[in-house]
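Q: What would the 3D arrangement of this be:
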Amino acid sequence: MHDRPIDYRAKAAEYRARAKAEWRRETDAIPLYIKAIECLSAAPGYKEDDNRQIAANCHNLGDAYFNSGNYIKAAESYYTGTQKLHAIKLIDEDYRKLIELYINLSDAYSHLFNPEASAQAFLYAIQAFNLLQIKTAEEQKIGNAEQNYQAFRAHYEREVSSSSYLASTGFTNFQRLLYTQHDGNRGAAELSGRMESRLAIDPYNPDRVLAELSQLAMPSSGPVAPAPVAFHTMPAPTRVIEDDTYRSTGRNLIELSQRYYNDNLLNETRTSLKQAAEALECINEKTPFDLETIKNIKDNVQLINQQIVAKAEQAREERRQREEAAREQERMERRQREEKREQERIQWQHQQAQQREQERTMLRMENLQLAVYQPSVAGMYGATTSKPQPPRAPSPDNGNDSRNDDMEMQF
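A: Numbers count the residues shown, from 1 in each chain. You can find the predicted model right below:
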C-alpha cells in the first residue's frame, strides 16, 4: 500500500488560513505563513497561480513582520512577493497586488530610515499603476499618477493600512520625507532628460554644448516624467545603509520636530525627535558630533515630556474648572426651576383661594337675593305670615248665655 501523495497546495491553504486566524498574535502567524510559502514552493507541476499564492503569503508575512517592528524582514518579504509576480504574465488584478506590495515596501524602507529606497519602491508602484488596462472609477479619479502622486499614494495606503496608522505622526513624518525625496528624484530626472535632449542636438559642437549646459539651471517649460525603470532592476533590500543616509534622515526629522514645536504640537515634536534619535543610533561609525546630537535629542525629549505633563495637568485643571462651572450652572438652573415651581404653586394656591372666596361671595349674594325675593312673592298673592290666633276661652256661665244667643239671633 503506497502512501497518499501530499497535496502541498491544500496544505499551504490550510497554513495560511490558520495564520490569518492568528492575526492578533503576529509572532504566532509568522511561522505559519512561512510554512505556506514552503509548501507552495514544493508543489509539483508548476502553475502561474502558485506564484500568485506565494506573493499573497509573502504580503501577509511582510505585514506580520511590519506590525511586529521587524522592518528589514518585512521589506524582504514584500520584495520577494514582487519578484514572484514579476515572474509571470500579469493581469490587472496582479498589477494591483503589485502596487500594494510596492507601497508596503516603500513604508518598510521609510521605517528603516532609507528614504531613497522608499522613493524608488514608490516609483515602481506608480509604474505598475500605469500598466493597468482597465481602471476602476476610483483609480480613474487619480488621473496621472506621476503628477497626482499624493492622491495615488493616499488611495492605495487606505487599501493596505489601518486608519490609526495613517493618522499617526510617525507615518506623516515618513510620508513627508518620502515626498521630499520623490520630488528631488523627479527634479533630477527632469535635469537629466533636458541634458540628454539638448546635447543630442549637436554633441560635437563645444560652443553649443557650453551654451546648452548654461541653460540647464533655467526652469523647464513643463514637467518631464522620469524614464521608465524595469521592475526587475530594483535591488533586494540590504541591511547595510550608508551612515550619511542616517544622518540626513535624522537632520530632516529634527527639522520636522522644530516645525511641530513652533506650532505648539508637543506630542508630534516628541515623536519626531524620537525618530531622529533612532535614525542616528543606526549609524555604524558614530562621530563625537553624532553622539552629542543624540544626547541633545534625548535631553530635549525629556524637556518635551515635562512640557507635555504640564500641559496635560493644565488641560485637566481647565477641564475641572469647566466641569465645576457646568455643575454650578446646572445647580443655578435647578434652583431657578424650583423657585419658579414654588412661585407657580403659590400663585395657584392664591388663585384657588380667590376662586373659593368668589364662590362664597356669590353664594351669600344668592342667599340674600332669595331672602328678599320670597316675602315679596307672598304679599303679591295675599298670603300672611302672622301666626293663627288661638280660640278664646268661653266666658264663665253668668246667666248671659241666653242673651248672647238671643242677640246673635236678632242680628
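
Q: which stretches of the stretch 51-200 of the chain form strands?
A: Applying DSSP state E, counting those that start in this stretch to the stretch 51-200 of the chain gives no strands.

Q: For residue 156, which non-adjacent residue is spatially closest?
A: Leaving out its chain neighbours, the residue that sits closest to residue 156 by CB to CB, 6 or more residues apart in numbering is residue 103, at 4.9 Å. Just so you know, the C-beta spots here come from the backbone N, C-alpha and C atoms, and that holds for glycine as well.

Q: Give me the phi and psi for residue 162.
A: Dihedral pair for residue 162: phi -80, psi 160, per degrees, to the nearest 10.

Q: how many other residues sit next to it?
A: Applying other CB atoms under 10 Å, we find 10 other residues in the vicinity of residue 162.

Q: Distance check, the residue nearest to residue 156 against residue 45.
A: Distance, residue 103 to residue 45, by CB to CB, to the nearest Å: 33 Å.

Q: higher neighbour count, these two?
A: Comparing residue 103 with residue 45 by neighbour count (other CB under 10 Å), the higher total belongs to residue 103, at 24 against 7.

Q: correct me, but the more buried one touches residue 155?
A: No - look at residue 103 against residue 155 with CB atoms under 8 Å: they stay out of range, at 9.7 Å.

Q: hmm, back to that, the residue nearest to residue 156 and residue 181: what is the separation?
A: The gap separating residue 103 from residue 181 is 15 Å, by CB to CB.

Q: cool, and residue 270?
A: With CB to CB as the criterion, residue 270 and residue 181 are 24 Å apart.

Q: same question, residue 250
A: In terms of CB to CB, residue 250 sits 15 Å off from residue 181.

Q: and what of residue 21?
A: Distance, residue 21 to residue 181, using CB to CB: 38 Å.

Q: For these two, work out which one has more neighbours and name it.
A: residue 181 (22 against 12).

Q: doesn't residue 113 make contact with that one?
A: No - assessed by CB under 8 Å, residue 181 is found out of contact with residue 113, at 11.8 Å.

Q: Can you work out which residues contact both of these two?
A: Counting by CB atoms under 8 Å, 6 or more residues apart in numbering, no residue touches both residue 181 and residue 113.

Q: Show the contacting residues for residue 78.
A: Residue 78 touches 58-59, 62, 101-102, 104-105, 108, counting by CB under 8 Å, 6+ apart.

Q: Just those residues: which are in helices?
A: Mapping the contacts of residue 78 onto helices (DSSP state H) picks out 58-59, 62, 101-102, 104-105, 108.

Q: Just the buried ones out of these, please.
A: Among the ones in helices among the contacts of residue 78, those classed as buried by 16 or more other CB atoms under 10 Å are 58-59, 62, 101-102, 104-105, 108.

Q: related to what we said a few turns ago, with the contacts of residue 78 in mind, which one is nearest to residue 147?
A: Within the contacts of residue 78, the smallest distance to residue 147 is 18.5 Å, found for residue 102 (CB to CB).

Q: According to the record, where do the domains of this structure fall?
A: Residue ranges for the domains of the chain, per automatic domain parsing: 8-229, 243-331.

Q: what's the least confident helix or strand in this protein, going by average pLDDT?
A: Least confident helix or strand, the chain: helix 206-214 with a mean of 40, by mean pLDDT, DSSP states H and E.

Q: per-residue confidence for the closest residue to residue 48 other than its chain neighbours?
A: Setting aside the residues directly before and after it, residue 48 is nearest to residue 88 in space (CB to CB, 6+ apart), at 4.4 Å. Listed pLDDT for residue 88 reads 92.

Q: neighbours around residue 88, how many?
A: Residue 88: 15 neighbours (other CB under 10 Å).

Q: isn't it right up against residue 98?
A: No - assessed by CB under 8 Å, residue 88 is found out of contact with residue 98, at 10.8 Å.

Q: which SSE is the closest residue to residue 176 other than its chain neighbours in?
A: Distances taken as CB to CB, 6+ apart place residue 256 nearest to residue 176, at 6.6 Å, with adjacent residues excluded. Taking DSSP states H and E as the definition, residue 256 sits inside helix 243-262.

Q: any idea of the angle the very next helix or strand once past that helix forms with helix 243-262?
A: Per DSSP H and E, the first helix or strand lying C-terminal to helix 243-262 is helix 266-281. Counting by axes from the mean of the first three to the mean of the last three CA atoms, to 10 degrees, helix 266-281 lies at 170 degrees to helix 243-262.
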